[in-house]
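after the sequence you'll find the predicted model.
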Amino acid sequence: MTKVYAANAQGTYDLDPPSGYDAWIDYWNSKKGLIAGKCRQCNEQSKDLVGAHVQLVEKRSDGQWYYKNNVLYIVPSCIGCNNHNNKTVFSVEWDDLVPAPKA
Ligand SMILES: [Zn+2]
């Protein structure tokens, strides 16, 4: 299992899920073929998960975290973690990242 570092993306709150999906968490569940069950940011079990847009981050020589690139992924998150003001870096299984469709 490969762990990667990620953080909430910015400016993605108005992105609608693809047609045929009620919500981003449905998109994630469908792509993975399972029900998420827990938040991948704080690891709490929750029935009220949403599909958060996140990006990979990397720590640079100045000690700060930066987005690696502009690629967006969907990750199951609780309401509390899925907040654009929450810039907390979290580690997540690579397999738990579902690439967001191109807008
Ligand atoms: Zn959470």
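Right, received. Where do you want to start? Numbers count the residues shown, from 1 in each chain.

measure the residue nearest the centre of the chain to the ion for me?
Most central in the chain under CA atoms, centre = their mean is Val75, positioned 3.0 Å from the mean C-alpha point. From Val75 across to the ion, the span is 10 Å (CB to the ion, to the nearest Å). Placement of C-beta: from N, CA and C, glycine included.

so that residue, which state does it fall into?
strand (DSSP: H, G, I helix; E, B strand; the rest coil).

that one pairs with what?
Ala52 (DSSP bridges).

isn't it right next to Asn8, touching?
No: at 9.1 Å, Val75 does not count as touching Asn8 under the criterion of CB atoms under 8 Å.

anything in contact with each of these two?
Both Val75 and Asn8 are in contact with 52, 54, where contact means CB atoms under 8 Å, 6 or more residues apart in numbering.

who in this structure is up against the ion?
Residues of the chain that fall close to the ion, judged by CB under 5 Å from the ion: 39, 41-42, 78, 81.

what about 8 Å?
39-44, 46, 77-82 (CB under 8 Å from the ion).

which of the residues you listed are buried?
Buried by 16 or more other CB atoms under 10 Å: 39-41, 46, 77-78, 81-82, out of the residues of the chain next to the ion.

what sits against Val89?
Contacts for Val89 (CB under 8 Å, 6+ apart) come out as 5-7, 57, 65.

look at it and report its pLDDT.
On the pLDDT scale, Val89 is placed at 97.
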